[in-house]
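Chemist: Sequence and predicted model, in that order:
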Amino acid sequence: MYVLFEGIDTCGKSTQIALLKVKQPDIVTTHEPGGTDFGKKAREILLSDSLHSKRAELLLFLADRAEHYEEVVEPNKEHLVISDRGFISGIGYALANDDFDFNELVSLNRFALKDHFPDRVILFLTDLETLKERTSQKSLDGIELRGLEYLLRVQEHMKETVLRLGIPHLFIDATRPIEEIHQIILNYLKH
């Protein structure tokens, strides 16, 4: 089963993946961008926010996604594969960045993923107050520096994308206590 943990920065995805890995050490965990050798290079470019063209940024994310699917997800399809981010983020950020067409973005992602969308999506939803608190405790990368309102716009696009595509999902209130969220995720993955 291929599951995406989605959400904007500081919403707790990585924390929950680490907790899950402790309980189920046999799961395959990965992340986008950066889950492959190519992805590490792409991530460096993307997080530096050095690309002037939003189309170039989108295409670099898509190239990483295609490589990631080929190298990590597909060879492990007999296992539970948990990815910290994936195409839902890709579409959410692209829609927040420019006037990209939703259907065109879906089509490009279908191509990158060989027509295999994830089996489930767990989307962490946060609020402005929590986002302010959590981002104030870290140094921000180029994408985070675009602003909190921008990140919340991305989050709304992610939510809309999951709903429009009808992928089985769980929306999580990321402001809840860590252990409570962990139990909700464990229960969701059992079914």
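Modeler: Everything's here; your move.
Chemist: now H79, what's its secondary structure?
Modeler: coil (DSSP: H, G, I helix; E, B strand; the rest coil).
Chemist: Next: F171.
Modeler: State at F171, reduced to three classes by three-state DSSP: strand.
Chemist: Ignoring the adjacent residues along the chain, who's closest to it?
Modeler: L123 (5.3 Å; CB to CB, 6 or more residues apart in numbering). Every residue, glycine included, has its C-beta placed from N, CA and C.
Chemist: got the contact list for the one you found?
Modeler: By CB atoms under 8 Å, 6 or more residues apart in numbering, the residues touching L123 are E6, G7, I88, M158, K159, V162, H169, L170, F171, I172.
Chemist: where's it, which helix or strand?
Modeler: Element membership for L123 (DSSP states H and E) is strand 120-125.
Chemist: For that strand, buried residues please.
Modeler: For strand 120-125, the neighbour count (16 or more other CB atoms under 10 Å) marks R120, V121, I122, L123, F124, L125 as buried.
Chemist: Just to check, the third one is in contact with Y188?
Modeler: Yes. Assessed by CB atoms under 8 Å, I122 is found in contact with Y188 at 6.9 Å.
Chemist: what's the overlap in contacts for these two?
Modeler: Listed as contacting both I122 and Y188 by CB under 8 Å, 6+ apart are L170.
Chemist: Backbone torsions only: list them for the nearest residue to D84 once chain neighbours are set aside.
Modeler: Spatial nearest neighbour of D84, excluding adjacent residues (CB to CB, 6+ apart): H31 at 3.8 Å. Torsion angles at H31 (phi, psi; degrees, to the nearest 10) stand at phi -160, psi 160.
Chemist: Use 13 as the first number for this chain going forward.
Modeler: Okay, using 13 as the starting number, the last item reads as H43.
Chemist: Neighbours of H43, how many?
Modeler: 19 (other CB atoms under 10 Å).
Chemist: CA atoms of the helix or strand of the chain with the lowest mean pLDDT as PDB?
Modeler: Every helix and strand in the chain was compared by mean pLDDT, DSSP states H and E; the lowest is helix 140-147, with a mean of 76. The C-alpha coordinates for helix 140-147 follow below in PDB (Å, rounded to 0.1, in the frame of the first residue of the first chain):
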ATOM      1  CA  LEU A 140      -2.400  30.400  11.300                       C
ATOM      2  CA  GLU A 141      -1.700  30.500  15.000                       C
ATOM      3  CA  THR A 142       0.000  27.100  15.100                       C
ATOM      4  CA  LEU A 143       1.900  27.900  11.900                       C
ATOM      5  CA  LYS A 144       3.200  31.100  13.300                       C
ATOM      6  CA  GLU A 145       4.300  29.400  16.500                       C
ATOM      7  CA  ARG A 146       6.100  26.500  14.700                       C
ATOM      8  CA  THR A 147       7.800  28.500  12.000                       C
END
